[in-house]
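Chemist: attaching a predicted model along with its sequence, questions to come.
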Amino acid sequence: MSILTDFRIKIAAIIAAVMMLAVAVVYAQLDGTERGVAPLASTGDFEVMGVKVDVHGDNAFDARKKGWEEAQRLAWKMLYKSTQGGESAGLPDGTLNTIVSAIVVEQEQIGPKRYIATLGVMFDRARAGSILGVSGRRLRSPPMLVLPIMWSGGSAQVFESRTEWQKAWARFRSGESAIDYVRPYGSDSESLVLTAGQANRPSRRWWRNILDQFGAADVVIPIVRLTYMYPGGPVKARFTARYGPDNKYIGSFSLKVDRSEDIPKMLDQGIVKLDNIYASALARGILKTDKSLIVEDPFNLDDLDLADFDLGDDVADEVGVSEAAASVATTTTSETAGEAPGAGPAATTSVSLQFDTPDVGAVGRGESSVRAIPGVASASTSSLALGGVSVMSVTYRGDIAALAQALRSQGWQVQQGAGTLRISRSGQ
């Protein structure tokens, strides 16, 4: 009996030792090295980077102050030229001080009476936009998770260690980009989930779990492959833009630097070009959310308890509710008000209109179609999801039933809820 007891104790001790070793291995994987750099916060301001200044002053402080003021003047002319296509005489320093939101120091050298620097200037979008005549409203993609893969020395890395590729994505300013990037940096368990192998796993269930964790709709996979000629010498980089759970190819290009020290600058240039590739793909309707990643619950009006909604007679008749129930829900219908002599104008109704936007062109076509309906005071997209379902805010002089009928007369298929319409074309 004592032999059996001793054997059980030994087995329990061995199991406990194995479990402690497994915990230590997992802990080492999570906290063993520095994973990545947190990304810079991206705002919606106008950004002008790479402004070079070389000024003199009475002292170091005065030289730096004059340098920043000169950077504001130069940046404004650059911004004006990029948005208007012409030259600008400039703005007074007092006006520039009110519209500049931040100065970004990229590189600077401060002497006793001289200041040499490369700066970035950020202009408040609302204030600068009113002067430039540029609307503050921009179309952007749905949130896209970034999976940056770097091949170097025959192995692929994402967040296993802190790479130059991840650093470059962290310092990239995406405020002016058409792509809404979601940039993880390998904290906690991210380094175990986001790996180079994940790019080749098409399982939709697994991808949905990952995208839900980061609040993203889809994934973009920017890849760089570095080839070193010799230590410290020229380096060639091959950049590839891919996207989606199926790792689809969009485009690629190559860059080269003469020294290894210039790799960060080359990667920064590569990200700008990749961003242009993704933005172009978005505009052409290539970069869009994979429908297999969207789980939509079917919307059936017959399953709704319509007693909880405030519906008019026309809506009640359409969905099969008796006139008696509808009269309890509403005091006066728009039809009765229209027949009354001397009645005032129809009441204004605000409606949320859901419509499919597979590409940028679908947004404009949808808005134009709705605006063409008599009685529509305004129609603008309030929530954009290219490749998915966007939401348009519509102000209509009349009730929601009349708007639904007008949309049907234009060939739309309409589903109606409380204050909401879902429209689609045949075949969508």
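Modeler: Now that the structure is in, tell me what you want to look at. Numbers count the residues shown, from 1 in each chain.
Chemist: CA atoms for contacts and neighbours, from now on please.
Modeler: Will do.
Chemist: can you tell me how far the residue nearest to Ser252 when sequence neighbours are not counted is from Val391?
Modeler: Nearest non-adjacent residue to Ser252, counting by Cα to Cα, 6 or more residues apart in numbering: Thr240, 4.2 Å away. According to Cα to Cα, to the nearest Å, Thr240 stands 33 Å off from Val391.
Chemist: swap in Ser252?
Modeler: Taken as Cα to Cα, the span from Ser252 to Val391 is 34 Å.
Chemist: for the residue positioned nearest the centre of the chain, which non-adjacent residue is spatially closest?
Modeler: Centroid-nearest residue in the chain, with Cα atoms, centre = their mean: Asp180, separated by 1.7 Å. Distances taken as Cα to Cα, 6+ apart put Pro143 closest to Asp180, at 4.9 Å, once the chain neighbours are dropped.
Chemist: now do Tyr228
Modeler: Val235 (4.7 Å).
Chemist: how distant is the helix or strand hosting Thr395 from the center of its chain?
Modeler: Thr395 belongs to strand 388-397 when assigned by DSSP states H and E. Distance of strand 388-397 from the chain centroid (Cα atoms, centre = their mean, to the nearest Å) equals 20 Å.
Chemist: likewise for stretch 372-385?
Modeler: The answer for stretch 372-385 is 22 Å, by Cα atoms, centre = their mean.
Chemist: for it, buried residues please.
Modeler: 375-377, 379-381, 384-385 (16 or more other Cα atoms under 10 Å).
Chemist: mind listing the strands for the stretch 201-350 of the chain?
Modeler: Here the stretch 201-350 of the chain has its strands, by DSSP state E, counting those that start in this stretch, at 218-228, 235-243, 248-257, 348-357.
Chemist: okay, now the sheet partners of the second one, with direction.
Modeler: What it means is strand 235-243. strand 218-228 (antiparallel), strand 248-257 (antiparallel) (DSSP bridges).
Chemist: list the buried residues in the last one.
Modeler: Residues of strand 248-257 classed as buried by neighbour count (16+ other Cα under 10 Å): 250, 252, 256.
Chemist: nearest to Ala71 among those?
Modeler: Distance to Ala71, by Cα to Cα, is smallest for Lys256 among the buried residues of strand 248-257, at 29.9 Å.
Chemist: just confirm that closest one contacts Lys265, I think it does.
Modeler: No. Lys256 lies out of contact with Lys265 (Cα atoms under 8 Å); the separation is 10.5 Å.
Chemist: centre of the chain to stretch 368-385, how far?
Modeler: 23 Å.
Chemist: in the stretch 151-300 of the chain, which spans are helices?
Modeler: All helices of the stretch 151-300 of the chain, identified by DSSP state H, counting those that start in this stretch, fall at 164-171, 190-193, 204-214, 263-283.
Chemist: residues contacting Met266?
Modeler: 255-257 (Cα atoms under 8 Å, 6 or more residues apart in numbering).
Chemist: cool, and Leu194?
Modeler: 147, 158-159, 186.
Chemist: among those, which one has the most neighbours?
Modeler: Phe159 (29 neighbours; other Cα atoms under 10 Å).
Chemist: now do the contacts for Leu147.
Modeler: 158, 183, 194, 199, 219-222.
Chemist: and stretch 391-411, what's buried?
Modeler: Neighbour-count burial for stretch 391-411 [16+ other Cα under 10 Å]: 391-404, 406-407.
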